[in-house]
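need a structure here:
(one chain, ligands or ions: 1)
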Amino acid sequence: MRPMNRRQFLGNSLAAAGSAVMGGNAFRPRAQADSGYALQAPDSQIAAARPRHAGVSEFPDGFLWGMATASYQVEGAWNEDGKGESIWDRFTHTVGKVKGGATGDVACDQYHLYPQDIAILKRLNQKSYRFSIAWTRIQPSGTGTPNQKGLDHYSRLVDAILEAGIRPFCTLYHWDLPQALEDRGGWPNRDLANYFADYAGILAKHLGDRITVWAPFNMPWTVAYLGYGVGTFPPGRARYGDFLKAAHTLNLAQGQAFRAIKAASSKATVGSAYGMAPAYPKTSSEADRAAAARYHAMNNVYFLETAMRGRYPNAFVVPTPYKAMGFRPGDEKIMQVPLDWIGFHYYTRRIVSEAKGPSRSGATFGTEIEQDTPGGRDAYTRFHAEMPTQGPLTDAGLEVWPRGMYDLVMQISREYNQPIIEITESGCSYLDTPYEKENGRIPDTRRIEFFRAELTELARAIADGARVRSFHAWSLLDNFEWADGYSQRYGLIYVDYRDQKRTVKDSGLWYGRVAAASRLDV
Ligand code: FCB
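All right, here's what the predicted structure looks like:
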């Protein structure tokens, strides 16, 4: 039999709807010298920072072009059809928590306007739509009998997505925990792993005949750290011990949800939607390289190593604090589940050094946060992570660093034995608005350049053997950007919040052409 080329390979793998068994030596990433640490210090990689073959980057046939959103950020209808209160409802309804006093009460009103949004996705040739389900619509207080109206809503949504010829990619939890479960202790309470598994089972039972691609959590590190470690997100607690416990429950919940979904739906494939950032050591010193490795362990693979290998990665300068985590014998077996594919987001990079002396970082940009004390982020991991400003900055203040996409994809491919990868998010906030003199078009050229450069790097990773099968632009719509409220605009479609009118930005039109041609010179 003739060996498959990469196009055929990806095509076949998609036809197999994410079947985990995908072999073939032909697709191994190029051998890399293993220096013990993954990425090199910036001084040794500046020459390589520019895309090597900008212009005609092609993507394999069957590559899935998509866009992403999250329930709280777009749905609105915060108390309709029996929906319960979530921790984000409580947070935004508390004065002083969100910029401009903004809430997601209405957001983009996608709860009612989803047919329009799906029509736009179709018009822009999209093949995958990543959305999340609000737990509080399914189980208003987090446990017990499902709310039929909530199930019916998502059932209609999924039908509409499928009718448009688009793959529904479902995230179970994009941060909107039922407030009632926070009242029972929140994620540091390990009972939540069981509740989450029940919820996952309900979804797979009712929607698993049509959804085949499931991600239990969006950015679990952020849930645990921003919510319980530093308190910039709800529920607003700031204790490292709570962070460790919350993270451990999330790991257990991921494993239990994996099993619950598979038990309820034989078609299900389960992966992830982690937030990741390539960590470059500040200098090539051993200490900085070790610090960068700790960052990678803590921020990138803390919920991946547990799933794939049933163990916590070496994120700590102290012995792994099992006791503080609430780890019990046997938990390693609960956590370990062979994810069918690995999904992660890439927005920007970090420069990491060993924590000694004062740090000059301390930046907070939405979900990208670095808050250092002089001794490092914390005494357990003891590193400084900086968000550099060497490249151009987006309007959210994040550095544009396309090369990071290549490095991160290759690193995960290497470390996890060439898994199937889904890029679950990437994008940029630019505040361009409609321009009257040009019939209201939105000439967001910087966003086009952002995606073009980054996708060139993604194409290069694929050419070098990474098995990436999708890319989801964040976001379909301008939407509620968490603690930044509506002050950031990540959409490829502009939303006028006064009348909910959607206008496709120039970047959306461009991305639609890219999706149709599966190449970047369109
Ligand atoms: C990601 C989040 C997403 C959105 C983007 C800008 O980290 O998953 O909800 O806020 O950042």
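
Surely residue 424 is in contact with residue 343?
Yes. Between residue 424 and residue 343 there is a contact under CB atoms under 8 Å: 4.1 Å. Backbone N, C-alpha and C define where each C-beta goes, glycine included.

overlap in contacts of those two?
The contact sets of residue 424 and residue 343 overlap at 215, 272, 273, 274 (CB atoms under 8 Å, 6 or more residues apart in numbering).

any low-confidence regions in the stretch 351-500 of the chain?
357-362 (pLDDT under 70).

which residues of it fall in helices?
Using DSSP state H, counting those that start in this stretch, the helices of the stretch 351-500 of the chain run over 403-415, 445-463.

related to what we said a few turns ago, look at residue 424 and residue 343 and report which has more neighbours.
Of the pair residue 424 and residue 343, residue 424 is the one with more neighbours under other CB atoms under 10 Å, namely 29 against 25.

what residues are up against the more buried one?
Applying CB under 8 Å, 6+ apart to residue 424 gives the contacts 68, 130, 169, 171, 215, 218, 272-274, 343-345, 472.

again with residue 195
Going by CB under 8 Å, 6+ apart, residue 195 touches 142, 143, 181.

Double-check that it belongs to a helix.
Yes. Assessed with DSSP: H, G, I helix; E, B strand; the rest coil, residue 195 lies in a helix.

distance of it from residue 158?
Going from residue 195 to residue 158 by CB to CB, to the nearest Å gives 23 Å.

Taking this protein, what residue is nearest to the ligand?
For the chain and the ligand, the shortest gap (CB to the nearest ligand atom) falls at residue 367, measuring 3.6 Å.

The nearest residue to that residue once chain neighbours are set aside: which element?
Closest residue to residue 367 apart from its sequence neighbours, by CB to CB, 6 or more residues apart in numbering: residue 222 at 5.7 Å. For residue 222, the host element (DSSP states H and E) is helix 220-224.

I'd like the mean pLDDT over the next helix-or-strand element following that helix, please.
Where DSSP H and E defines the elements, the next helix or strand beyond helix 220-224 is helix 240-264. The average pLDDT within helix 240-264 is 98.

just checking, what packs against the next helix or strand after helix 240-264?
Once the chain leaves helix 240-264, the next helix or strand it forms, by DSSP H and E, is strand 269-270. For strand 269-270, the contact count by 3 or more CB pairs under 8 Å, 6 or more residues apart in numbering; DSSP states H and E identifies strand 213-217, helix 240-264 as packing neighbours.

In its sheet, which strands sit next to strand 269-270, and in what direction?
Sheet pairing of strand 269-270 (DSSP bridges) gives strand 213-217 (parallel).

starting at the chain centroid, how far to the partner strand?
Strand 213-217 sits 11 Å away from the centroid of its parent chain (CA atoms, centre = their mean, to the nearest Å).

Same check on stretch 222-237?
Centroid displacement of stretch 222-237 relative to its chain, using CA atoms, centre = their mean, is 17 Å.

that older thread, how about the helices and strands packed on strand 269-270 in a markdown table, adding distance to the ligand?
Listed next are those as a markdown table, based on distance: least, CB to the nearest ligand atom, whole Å:
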| stretch | distance to the ligand |
| --- | --- |
| strand 213-217 | 10 |
| helix 240-264 | 15 |
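
To residue 450, which of the ones you listed lies closest?
With CB to CB, the closest approach to residue 450 among the helices and strands packed on strand 269-270 belongs to strand 213-217: 23.9 Å.

List the contacts of that closest one.
Residues from elsewhere that reach strand 213-217 (CB under 8 Å, 6+ apart): 18, 130, 167-173, 196, 200, 203-204, 223, 250, 253-254, 257-258, 261, 268-273, 303, 343, 422, 424.

again, only using 6 Å
Residues outside strand 213-217 that contact it (CB atoms under 6 Å, 6 or more residues apart in numbering) are 169-173, 254, 257, 261, 268-273, 343.

so when I look at residue 141, I'm seeing a helix, right?
No. Read with three-state DSSP, residue 141 is coil and lies in no helix.

give me every residue that touches it.
Per CB under 6 Å, 6+ apart, neighbours of residue 141: 84, 178, 180.

Apart from its neighbours in sequence, what residue is nearest it?
Nearest residue to residue 141 in three dimensions, chain neighbours excluded: residue 180, at 3.7 Å (CB to CB, 6+ apart).

The one you found contacts residue 144, correct?
No. The criterion here is CB atoms under 6 Å, and residue 180 misses it with residue 144 at 10.0 Å.

Please say which of these two ends up with more neighbours.
residue 180 (19 against 11).

Model confidence for the more buried one, exactly?
Residue 180 is assigned 99 on the pLDDT scale.

Would you quantify the distance from it to residue 432?
Distance from residue 180 to residue 432, by CB to CB: 40 Å.

and if you look at residue 71?
Shown here: residue 71 relative to residue 432, a distance of 26 Å by CB to CB.

and what of residue 320?
Plainly put, residue 320 is 46 Å away from residue 432 if you go by CB to CB.

Kindly report the same for residue 169.
Computed as CB to CB, the residue 169 to residue 432 distance reads 27 Å.

Look at those two and report which has more neighbours.
More neighbours surround residue 169 than the other of residue 169 and residue 432, with 26 against 18 (other CB under 10 Å).

give the contact list for the more buried one.
Here residue 169 is in contact with 128, 130, 213 (CB under 6 Å, 6+ apart).

Dig out what the last one forms beta bridges with.
For residue 213, the beta-bridge partners are residue 169, residue 269 (DSSP bridges).

number of nearby residues for it?
Neighbour count for residue 213, taken as other CB under 10 Å: 24.

do the second one as well
For residue 130, the number of neighbouring residues by other CB under 10 Å comes to 29.

residues from this structure in reach of the ligand?
Neighbours of the ligand within the chain, by CB under 6 Å from any ligand atom: 70, 73, 218-219, 275, 345, 366-367, 425, 474, 481-482, 490.

quick one on the thing from earlier: could you export the contacts of residue 424 as a markdown table, including distance to residue 153?
A markdown table is the format used below for the contacts of residue 424 (distance: CB to CB, whole Å):
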| residue | distance to residue 153 |
| --- | --- |
| 68 | 19 |
| 130 | 17 |
| 169 | 17 |
| 171 | 16 |
| 215 | 20 |
| 218 | 20 |
| 272 | 25 |
| 273 | 21 |
| 274 | 27 |
| 343 | 24 |
| 344 | 28 |
| 345 | 26 |
| 472 | 22 |
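
Report the beta-bridge partners for residue 503.
On the basis of DSSP bridges, residue 503 is bridged to residue 494.
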